[in-house]
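Visitor: here is a sequence with its predicted model. Questions after.
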Protein chains: 2
Amino acid sequence: MVLDHYGYGLGGWVPGTAMDYQSGFTAGSDLYWMAMALAEGMKAVGKAPPNPIVGCVFVKDQKLLAKGATEEFGGRHGERVAASRLKEGEARGGTVYVTLEPCCHTGKQPPCAQLLVELGIKRCVMAMVDPFHKVNGRGIRYLEKHGVKVEVGVMAKEAMAWHLPFLFSSHYRRPLLVGKWAQTFDGHLADDQGGSQWISGQESRAYTHFLRQKYDAIMVGSGTVIADIPSLNVRDCRGPINRSPVKIIIDPKGRILSIDSEIQRHLIRKTFAGEPTIYCGPEHKSSWLSHVDMVHSIELKGPIDADLVARLNDCYQSLKDRPLQSIFVEGGPSLLNRLIGQGLIDVFHTFQRPSILGGHENRLGTAGKEPQRRLMAEKQDLYLLASIVLGQDIVVESLSQALANDIWKPGLESLHQSHR
Amino acid sequence: MVLDHYGYGLGGWVPGTAMDYQSGFTAGSDLYWMAMALAEGMKAVGKAPPNPIVGCVFVKDQKLLAKGATEEFGGRHGERVAASRLKEGEARGGTVYVTLEPCCHTGKQPPCAQLLVELGIKRCVMAMVDPFHKVNGRGIRYLEKHGVKVEVGVMAKEAMAWHLPFLFSSHYRRPLLVGKWAQTFDGHLADDQGGSQWISGQESRAYTHFLRQKYDAIMVGSGTVIADIPSLNVRDCRGPINRSPVKIIIDPKGRILSIDSEIQRHLIRKTFAGEPTIYCGPEHKSSWLSHVDMVHSIELKGPIDADLVARLNDCYQSLKDRPLQSIFVEGGPSLLNRLIGQGLIDVFHTFQRPSILGGHENRLGTAGKEPQRRLMAEKQDLYLLASIVLGQDIVVESLSQALANDIWKPGLESLHQSHR
């Protein structure tokens, strides 16, 4: 199973690929307009969570009338944003392209299906059904009852990949954990001295910054924080910069609590600037860190597990007034291996540079000092979604088998079922 | 740098990808016809070496007139094969598509450029210039002097990848060494007990069998031979089966010489059946192996180096009456790591299964027991050509930096030079 349209990855359209988002599609085809709708959503990356960021395009007589995407939480859905850009009566008899089934219930906004009927839309092409229990085919039935011709499944895989944080968190009621790393062919995330600059190239780093916007929070280990004093914000994106993620630092041994005052100053100026930080480490009521603005603490007692994720969600909710939908785990190797080893990573963005390093340390698959020794039949298989070339890197996007079986495959099957 | 057209790998068009060879190209476009010419060459995979396997298509008024590919060594070139299928005078005023510049010198066959002029061809579209010193722009000049419009560079990368064994051996005067392996994300070619079945899926294995036809000989280590008793022939290809490779077995310690008689019988029936085998190991004039038909021996004194490759070439020449143009190294891990470590591999076909195994042994990048410890800046970078998804595997094709700099990049630059 592979995303069918080159250049669409889990993050959405991959900025930096040679292929433009509509290239390869015949102008005026359903694919062409749906790609435009998806790209419209992607321009709004990071804006609407926990709502799905829906892209919408109105077309009549093969002419683009208006397009739009969902606004920030509580704001208008993509259909309503695009509709606000139509001239009076203009869309009557036209077609609408949406990346997700229009809603038919009154939430923070009036239902979109009703809006489309009022606009006199003749045909509604949607990439996928919205599995959210208040929608789930009701939008389709409403539209059809009012004489709108409905087609489902155009660029379904791409739309599912794009809407995955929303699909996952509505299904499991917990945040999606996304692992991202850059590696050599021989599985090194860094050399034996810890050096990792640079495995991947500029295009991959730009895509990573795009992904940082897609996901609500970014998680790193204390080793990365102390070694790199990273900003963990969104900078080198080839697209709009809509937000930076909340930062989560995992520090089981409290290494950050005892660093010298010069590094403290650097961290305060760089890592703890901008968006808030959630620090997960030992209790530290009287340490220097407890006096830093924008740093919120969660006591880390045992390993990273579902309970910690739930407490991260609570903390995020208190900071942002909405649930934590997704966490982007950027490593380093020891944090990533621990989470992978425990089966906690749901989505994998792997950046591979075709190169061979050698050495023993900082490799994938070595949780703790002694790597697990498994037989081939026992290996942890991921479910491949897509592979894209970015510059000299190969980006591979895959899912845990659980996520593939619980959400991805049923989502594709639902396209072939009748919702009428 | 990435091959532009999805589905074309170093082996040529990748059988088993969802995309058909001409899919995505507008019918009747230059790309469409050139893809057909390339596919025509690929159907003849393995037939013509050391000649390049040129595909040729004659077209007039957007209608296919005839197609063909180079015959076995000494036989007719692709242009002449296709021309023999034309009706009298039919191609006059038409266009010809060829994957390589037509020759203009009399070798084993009369010059193709002259043939095209005699047929009254108006336009000649070629994927690339033939850098062979007797051609190298002379074909283009001959055609233009006789009023044929020439265009160069349509699907140039794909054609260069396809013709690489020919390009390489004409440039360096030695065989191309091609490494192929299947690995997990964490760089394991096998588990700690040596198990490697199956890292890659059925589609990848079919592609591997296609590649076995593309390259003249297949090289494996004695470990693989003893563990698997492999046939090393071409079986599960999704295309024509034109030949199986000559087998080369590397056995520095002479392990095969001292195996028990039951395994001897298996080897004789399976591994040493079909095409001849070249055994590289200690001197063994009185061993069981010296009595096996179809096994030819070369004494292996030191490491695998340029001298051994030259002796392999001599042995192949005596068997097949033509030079050894390419060797497909299928491992196992210790042979591959040794060759990679010495910088002897020119082309890399890597099959990756998105999976994580764990363990210490049988990993990429560990030549000998103790892996080399290098800094990130010292890693061995390959030059990425293409990445293709096959089933649940990612196929990555790359070149050594030397090959990229000596042949690939100059080949692409030559397209922009005037040959007139």
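Guide: Nice, I can see it.

Visitor: in stretch A:76-86, what counts as buried?
Guide: Neighbour-count burial for stretch A:76-86 flags A:76, A:77, A:78, A:79, A:80, A:81, A:82, A:83, A:86 (criterion: 16 or more other Cβ atoms under 10 Å in any protein chain shown). Any C-beta I mention is one placed from the backbone N, CA and C, and that applies to glycine too.

Visitor: can you tell me which of those is closest to residue A:125?
Guide: residue A:79 (12.6 Å; Cβ to Cβ).

Visitor: who's in contact with the closest one?
Guide: A:54, A:56, A:68, A:96, A:98, A:102, A:112, A:115, A:116 (Cβ atoms under 8 Å, 6 or more residues apart in numbering or on different chains).

Visitor: burial measure for the last one, as a count.
Guide: In other words, residue A:116. 25 (other Cβ atoms under 10 Å in any protein chain shown).

Visitor: dump the contacts of residue A:79 to TSV, plus pLDDT.
Guide: Listed next are the contacts of residue A:79 as TSV, based on pLDDT from 0 to 100:
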residue	pLDDT
A:54	97
A:56	98
A:68	97
A:96	98
A:98	98
A:102	97
A:112	97
A:115	97
A:116	98
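
Visitor: out of those, which are close to chain B?
Guide: Residues shared between the contacts of residue A:79 and the neighbourhood of chain B: none [Cβ under 8 Å from any Cβ of the partner chain].

Visitor: which members of those residues are positioned in helices?
Guide: Filtering the contacts of residue A:79 for membership in helices, criterion DSSP state H, returns A:112, A:115, A:116.

Visitor: ok, so of the residues you listed, who is nearest chain B?
Guide: residue A:116 (32.9 Å; Cβ to the nearest Cβ).

Visitor: how close does that closest one get to residue B:337?
Guide: 61 Å (Cβ to Cβ, to the nearest Å).

Visitor: ok, now residue A:324?
Guide: The value you get for residue A:324 to residue B:337, if Cβ to Cβ is used, is 44 Å.

Visitor: residue A:191 - how many residues pack around it?
Guide: Neighbours of residue A:191 using other Cβ under 10 Å come to 22.

Visitor: so it: helix, strand or coil?
Guide: With DSSP: H, G, I helix; E, B strand; the rest coil as the basis, residue A:191 sits in coil.

Visitor: name the nearest residue to it, sequence neighbours excluded.
Guide: residue B:376 (4.6 Å; Cβ to Cβ, 6 or more residues apart in numbering or on different chains).

Visitor: contact partners for that neighbour?
Guide: Residue B:376 touches A:190, A:191, A:195, A:196, A:197, A:198, A:199, A:357, counting by Cβ under 8 Å, 6+ apart.

Visitor: again with residue A:268
Guide: residue A:292.

Visitor: pretty sure it sits in a strand.
Guide: No: under three-state DSSP, residue A:268 sits outside any strand and is assigned helix.

Visitor: phi first, then psi, for residue A:9.
Guide: Per-residue torsions, residue A:9: phi -110, psi -170 (degrees, to the nearest 10).

Visitor: that one: neighbour count?
Guide: The tally of other residues near residue A:9 (other Cβ under 10 Å) stands at 25.

Visitor: looks like residue A:315 contacts residue A:308 (just checking).
Guide: No: contact criterion Cβ atoms under 8 Å: residue A:315 and residue A:308 do not qualify, at 10.4 Å.

Visitor: what touches both of those two?
Guide: With Cβ under 8 Å, 6+ apart, residue A:315 and residue A:308 have common neighbours residue A:298.

Visitor: rewinding a little: so of the buried residues of stretch A:76-86, which ones are in helices?
Guide: Filtering those for helices - DSSP H - leaves A:78, A:79, A:80, A:81, A:82, A:83.

Visitor: so where's chain A uncertain?
Guide: Per-residue confidence for chain A (pLDDT under 70) gives these ranges: A:1-4, A:6-7, A:13-24, A:367-371, A:418-420.

Visitor: so which bits of stretch A:282-298 are buried?
Guide: For stretch A:282-298, by 16+ other Cβ under 10 Å, it's A:284, A:287, A:289, A:292, A:295, A:296, A:297, A:298.

Visitor: tell me the one of those nearest residue B:331?
Guide: residue A:298 (47.7 Å).

Visitor: does the closest one count as helix, strand or coil?
Guide: Classification of residue A:298 using three-state DSSP returns strand.

Visitor: so who does it touch?
Guide: Here residue A:298 is in contact with A:278, A:279, A:280, A:308, A:311, A:312, A:315 (criterion: Cβ under 8 Å, 6+ apart).

Visitor: and what about the fourth one, helix, strand or coil?
Guide: Spelled out, that is residue A:308. Going by three-state DSSP: residue A:308 is helix.

Visitor: give me the neighbour count for it.
Guide: Neighbour tally, residue A:308, other Cβ under 10 Å: 19.
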